[in-house]
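missing the sequence, but the structure's below:
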C-alpha cells in the first residue's frame, strides 16, 4: 500500500500531534509528567483504547525495538518497515528524545537507563483510568498474545492474566498464543472466567469447527458508547495451526476468511452499528492488504507483528477509507482512538499511541496489590539468579538478537550439536549489561506449552529447505502468505539471504565453520518448540533446563554474544535496515 503525498502529509500531521513533545517531560517528576505527556484532550463521542501483544508482562521491563524490519513488494521501505533514523525522519521525531527511545532501537542502553522501564499493568491501569475519566464509556480492546510469555502465565495456564485484564478493564479481546494453552483450557476461560466478574468478550470471526464449520466464538460484539452502537469484530491469528502445534487446536480451523469477514461487517451494519472496527491479530502487512479489500470497516486495531506506530494509516477501499493501526507490544504502548460520529457515521478522528513510561505514571495501588498476590506463590523461583550478563540481551527483529544467540549457543553446547535453530519469536524483554539473568528473565524468552528441546539429524539439503521455507513465510511479497514470526535464528551456520528473490532461491552460501555445507552430509541440529505432536511424547528436555544448565556453567557471568546474522543481498539503503 503506497500513500499519496497528501495522505503521507496527513499521516505526519497526525504524528506531530501524537504526543511527540516528550522530551520536555523526560526529567519531570511523575505527577508533572503525567499532567503533560498523558494530558490528551477528549475528542468526539466514541473512544476506543487498544493494547496488544503484552505477552503476559505484568511488571515494567526494558524492550528494544528492531534494527531490522524489512518489507518486500509494495511495502518495501513503507511503514511499518522503517527503523532507527529513517523512522525518526518519517515521524519528525528528534533523536535522543523519549519518543525516539520508545519507537526505535537507537542508543538503546543509554536511553533505557535514562528513561527507565516501560509498561507494567499497574502503570497501564493508571493511564487507562486517567483516559477513561475524560472519555466516559470508552472501550478497552485487547488484541491478544496476552495469556502467554511469562513463567506465571505458563504455570497458571493464563489465570494470572485473566484476572489482571479484568481489573484493568478490558472489554473485548481476540487471540493467538492463547490457543497454545489448548482448546479445553481456552474454552474454560472464555466460557467461565471471562464471563465471571467483569465480563470480557472473546471474539473471532475466523475460528470455526473443522467438522461443520460452526463458529467457535462470537464473531463480533455490539456495544453502545454514549448512545452510539459500535461493533468490534474479532480476527484471531489466521495461521495458528501452522505457526503453533496443530494438535492444540485440532478441532478448529482458522484462516483470514475475507469473504466471511465482509459478511460479518455487513451484518453488524444491518444491526445498526454506526462504528465498525476489526480487532485483529493478522500482522500489519496483512491488515494493510485486508483494509483495501473489504468495505465498511472504520478502523483496524492490529497486533502480532509488534509494530509500534504512532499514527493511523489510511487505506482506500470500495467503501471509503479504513484506518490501520498497530499498538506495539509488551504493555509498552496504549493506543487511543477518538471518533466523532455524526449522522450515523464516523465524520472525524484523532489517534494517539502513548508510550507507557513506568517512572512517569504512578502505579495503581489496586493493580499493584493484585500483581503481588498473583506472583507471591512463585516469587522464590522467579527471583533465582542464574548469571549476570556483560552484554545487552534483546530479542526483536527479522534476524538473530542477542537473547536468541544465547539460546542457540546453549543448545549447541549442551546438546552437542553442529548447528542450532531457535524459532523467530518476537516476545521477551531486554536486559542491560550488568543486570542479573534471573529465572524469570529467562522464562520471559522461553515460556511456552511445547518447550521440548530436540536433537535431529539433517542433511545439508534439508537444512537449506528449512531455511528457504521460513524465508518465504517472512519475505513472500503477498502478505497473505506471510505465515508467522521472523526468520529462524541460527547458531553455528552462516549463509546469505536475498529477501527479494523468488521462492526457493533466497538462501545461498551455507557454511559451517567456514566450510561449505555439504548437501548430502548429515549434521546434528538442535532446536526447540517443535510443532509435531509426537515430539511432546518423545521425552525431550524442556528448553529452560537446557539453557539453565549452560548459564550455570558460565561461572556466574555471560560474555556479550557474537550475533550470527545472514549476509543480506539486495537491501542496501533500505530504510528497514539500520546502517
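Perfect, thanks for sending it. Just so you know, these numbers come straight off a predicted model, no measurement behind them.

so what's residue 325 up against?
Residues in contact with residue 325 (CB atoms under 8 Å, 6 or more residues apart in numbering) are 50, 299-302, 309, 311-313, 335, 337, 351, 353. (Each C-beta comes from the backbone N, C-alpha and C, glycine too.)

who's it bridged to?
Under DSSP bridges, the beta-bridge partners of residue 325 are residue 301.

now do it against residue 343, distance only.
Distance, residue 325 to residue 343, by CB to CB, to the nearest Å: 24 Å.

neighbours of residue 199, just the number please.
Taking other CB atoms under 10 Å as the criterion, the count of residues near residue 199 is 12.

helix, strand, or coil at it?
coil (DSSP: H, G, I helix; E, B strand; the rest coil).

ok so residue 89 is a helix residue?
Yes. Membership of residue 89 in a helix is supported by three-state DSSP.

can you report how many residues lie near it?
By other CB under 10 Å, neighbour count at residue 89 equals 12.

the chain should start at 10 in everything you say after this.
Yep, numbering from 10; the last one is residue 98 now.

for it, give me the pLDDT.
Listed pLDDT for residue 98 reads 94.

tell me the buried residues in stretch 463-476?
463, 465, 467, 469, 472, 473, 475, 476 (16 or more other CB atoms under 10 Å).

before we move on, what about stretch 318-337?
For stretch 318-337, a neighbour-count test (16+ other CB under 10 Å) marks 318-324, 331-337 as buried.

so for stretch 539-549, mean pLDDT?
For stretch 539-549, mean pLDDT is 86.

just the endpoints, please. Distance across that stretch?
One end of stretch 539-549 to the other measures 10 Å (CA to CA, to the nearest Å).

again, but for stretch 545-562
So stretch 545-562: terminal residues 27 Å apart, CA to CA.

what sits up against that stretch?
In contact with stretch 545-562 (CB under 8 Å, 6+ apart) are residues 254, 256, 395-396, 415-416, 418-420, 422-424, 446, 448, 451-452, 455-456, 459-464, 537-539, 567.

just the buried subset of those, written out for PyMOL, thanks.
This is the PyMOL syntax for the buried subset of these, where burial follows 16+ other CB under 10 Å:
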select buried, resi 254+395+396+415+416+418+419+420+422+423+424+446+448+451+452+455+456+459+460+461+462+463+537+538+539+567
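
just the contacts of stretch 545-562: which are in helices?
Per DSSP state H, helices hold the following members of the contacts of stretch 545-562: 415, 416, 418, 419, 420, 422, 423, 424, 448, 451, 452, 455.

now render those as CSV, adding pLDDT.
As requested, the ones in helices among the contacts of stretch 545-562 are exported to CSV (pLDDT from 0 to 100):
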residue, pLDDT
415, 98
416, 98
418, 98
419, 98
420, 98
422, 98
423, 98
424, 97
448, 98
451, 98
452, 98
455, 98
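
on that earlier part again, tell me the one of the contacts of residue 334 nearest residue 126?
Distances from residue 126 to these, taken as CB to CB, are shortest for residue 362 (18.2 Å).

and the closest one, how far from residue 335?
Taking CB to CB, one finds residue 362 at 9 Å from residue 335.

distance-wise, check residue 398 relative to residue 68.
Taking CB to CB as the measure, residue 398 falls 19 Å from residue 68.

please tell me how far residue 510 sits from residue 580.
From residue 510 to residue 580 the distance is 11 Å (CB to CB).

swap in residue 273?
Counting by CB to CB - residue 273 and residue 580 are separated by 38 Å.

higher neighbour count, these two?
Neighbours per residue (other CB under 10 Å) separate residue 273 from residue 580, with residue 273 holding more: 25 against 17.

that one belongs to a strand, doesn't it?
No. Counting by three-state DSSP, residue 273 falls outside a strand, being helix.

and it, what does it touch?
214, 228, 229, 242.

once you drop chain neighbours, what's closest to the first one?
The one in question is residue 214. With sequence-adjacent residues excluded and distances taken as CB to CB, 6 or more residues apart in numbering, residue 214 is closest to residue 228, at 3.6 Å.

spatially nearest residue to residue 264 (excluding sequence neighbours)?
Spatial nearest neighbour of residue 264, excluding adjacent residues (CB to CB, 6+ apart): residue 247 at 5.2 Å.

ok, how many other residues are close to the one you found?
Neighbours of residue 247 (other CB under 10 Å): 23.

secondary structure element holding it?
Residue 247 is located outside every helix and strand, with elements delineated by DSSP states H and E.

torsion angles phi and psi at it?
Backbone torsions for residue 247, taken as degrees, to the nearest 10, come to phi -70, psi -30.

wait, doesn't it sit right on residue 295?
Yes. With contact defined as CB atoms under 8 Å, residue 247 counts as touching residue 295 (7.5 Å).

anything in contact with each of those two?
Residues within reach of residue 247 and of residue 295 at once, by CB under 8 Å, 6+ apart, are residue 265.

can you pull out the helices in the stretch 410-559 of the chain?
Applying DSSP state H, counting those that start in this stretch to the stretch 410-559 of the chain gives helices spanning 411-424, 448-455, 469-484, 552-561.

nearest to residue 110, of those?
Ranking the helices of the stretch 410-559 of the chain by proximity to residue 110 (CB to CB) places helix 411-424 first, at 18.5 Å.

what residues are up against the residue nearest to residue 248 when sequence neighbours are not counted?
Closest residue to residue 248 apart from its sequence neighbours, by CB to CB, 6+ apart: residue 492 at 4.3 Å. Residues in contact with residue 492 (CB under 8 Å, 6+ apart) are 248, 251, 252, 482.

go on, residue 249?
The neighbours of residue 249, taking CB under 8 Å, 6+ apart as the test, are 185, 188, 258, 263.

by neighbour count, which of these wins?
Neighbour max across these (other CB under 10 Å) = residue 185, 28 neighbours.

apart from its chain neighbours, what residue comes closest to that one?
residue 246 (3.6 Å).

picking that back up, now the buried residues of stretch 318-337 in JSON lines, with distance to residue 531, secondary structure and pLDDT?
Converted to JSON lines, the buried residues of stretch 318-337 look like this (distance: CB to CB, whole Å; DSSP: H, G, I helix; E, B strand; the rest coil; pLDDT from 0 to 100):
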{"residue": "318", "distance to residue 531": "45", "secondary structure": "coil", "pLDDT": "92"}
{"residue": "319", "distance to residue 531": "50", "secondary structure": "coil", "pLDDT": "93"}
{"residue": "320", "distance to residue 531": "51", "secondary structure": "coil", "pLDDT": "93"}
{"residue": "321", "distance to residue 531": "51", "secondary structure": "coil", "pLDDT": "97"}
{"residue": "322", "distance to residue 531": "48", "secondary structure": "strand", "pLDDT": "97"}
{"residue": "323", "distance to residue 531": "53", "secondary structure": "strand", "pLDDT": "98"}
{"residue": "324", "distance to residue 531": "48", "secondary structure": "strand", "pLDDT": "98"}
{"residue": "331", "distance to residue 531": "51", "secondary structure": "strand", "pLDDT": "98"}
{"residue": "332", "distance to residue 531": "52", "secondary structure": "strand", "pLDDT": "98"}
{"residue": "333", "distance to residue 531": "46", "secondary structure": "strand", "pLDDT": "98"}
{"residue": "334", "distance to residue 531": "48", "secondary structure": "strand", "pLDDT": "98"}
{"residue": "335", "distance to residue 531": "42", "secondary structure": "strand", "pLDDT": "98"}
{"residue": "336", "distance to residue 531": "45", "secondary structure": "strand", "pLDDT": "98"}
{"residue": "337", "distance to residue 531": "42", "secondary structure": "coil", "pLDDT": "98"}
